[in-house]
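Asker: Mind looking at a prediction? Sequence and model below.
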Amino acid sequence: MGGMRWVTFDCYGTLVDWRHGIRTSAELVAPGQGARLLEAYNRHEHAVEAESPAMRYRDVLAESLRRACAEEQVRLNPDDAGVLAETLPYWPVFPEVGAELSALREAGWRLALLTNCDRDLVAGTRRRLPVPFDAVVTAEDAGAYKPADAHFELFRSTYEPATWVHVAQSYFHDMVPAHRLGLPRVWINRLGERPADAQVVQGVLPDLRGLLAAVGTALSPGAPA
C-alpha cells in the first residue's frame with residue numbers, strides 16, 4: 001500500500017462520542033454521578049497510560065474509573081470497574097461521520113485508525129462505523145499510548161504513505177505528536193478549546209463537516225490555522 005494517499009483518524013472523541021460513552025456508562029454503576037465521574041476520569045486516564053504503557057486499554061479504563069470514583073468519593077463495586085470496556089463497543093458514532101468519511105473515500109483517500117485502544121475493543125466499534133477502514137493501529141500494536149510517537153511511526157513504516165493527513169479531536173494526544181512529526185493535520189475541536197500553541201494546529205473544524213476540503217487545505221503550503 002506504499003505510495004497511496006491516507007487520512008488517519010483518532011477514533012474515540014473524533015468519530016465516536018467518547019464523552020457520552022464515559023458519562024452514560026458511569027451512570028449505570030453510579031446513578032446521578034456520570035457528569036462528575038466523566039470529568040474526574042479525564043483527569044486520570046493519561047497518568048494511568050503514562051505509568052503503564054503496556055497495560056491493555058480495558059485495564060486502563062477500569063483503573064481510571066477506580067481513581068475517578070476514589071477522587072469523587074463515589075462507591076464503586078469491584079466487579080463494576082469493567083463497565084467502560086463492556087459498553088465501549090456501543091458508544092455512539094457522531095451523526096456526520098458517515099457522509100464525511102464517504103466523501104473522502106469517493107475522492108480516493110484510504111482511511112486508517114490510530115487509536116489508544118485494544119484490538120478486540122476497536123473491533124466492536126468498527127461494526128458501528130458507517131464506512132470501512134483500510135487499516136488500524138492500536139495501542140496494543142504500538143506498545144504505547146499517544147501522545148507518544150509509536151502509533152505514527154508504526155503506521156508510516158507499515159503503509160509507507162505517499163500523502164498523509166492526520167485528523168483528530170484531541171490536541172494533547174494527537175495534534176501535538178502530529179505537529180512534532182511534521183504531519184499535515186486537521187483539528188476537530190468539538191469542545192471549543194483554545195490551543196496552548198497555535199503553531200500546533202492547522203485546519204480547525206468544530207466537527208467533521210467540510211472535512212474533505214479541510215484535508216486539501218492542510219496539504220497546501222502555509223495552510224492557515
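Answerer: Alright, I've got the coordinates.
Asker: Could you identify the longest helix within the protein?
Answerer: Using DSSP state H, we find that the single longest helix of the chain is helix 34-51.
Asker: Quick check: buried residues in it?
Answerer: When burial is assessed from 16 or more other Cβ atoms under 10 Å, helix 34-51 yields the following buried residues: 34, 36-38, 40-41, 44-46, 48-49. C-betas here are computed from N, CA, C, even on glycine.
Asker: Check stretch 152-171 too.
Answerer: So stretch 152-171, judged by 16+ other Cβ under 10 Å, has buried residues 152, 154-156, 159, 161, 164-171.
Asker: Quickly check these for the two that are furthest apart.
Answerer: Tyr159 and Tyr171 (24.7 Å; Cβ to Cβ).
Asker: hmm, back to that, just the buried residues of stretch 152-171: which are in helices?
Answerer: Using DSSP H, 152, 154-156, 159 are the members of these that sit in helices.
Asker: Using a markdown table, please lay out these together with distance to Ala70 and pLDDT.
Answerer: Shown next, in a markdown table, are those (distance: Cβ to Cβ, whole Å; pLDDT from 0 to 100):
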| residue | distance to Ala70 | pLDDT |
| --- | --- | --- |
| Phe152 | 33 | 98 |
| Leu154 | 34 | 98 |
| Phe155 | 36 | 98 |
| Arg156 | 39 | 97 |
| Tyr159 | 41 | 96 |
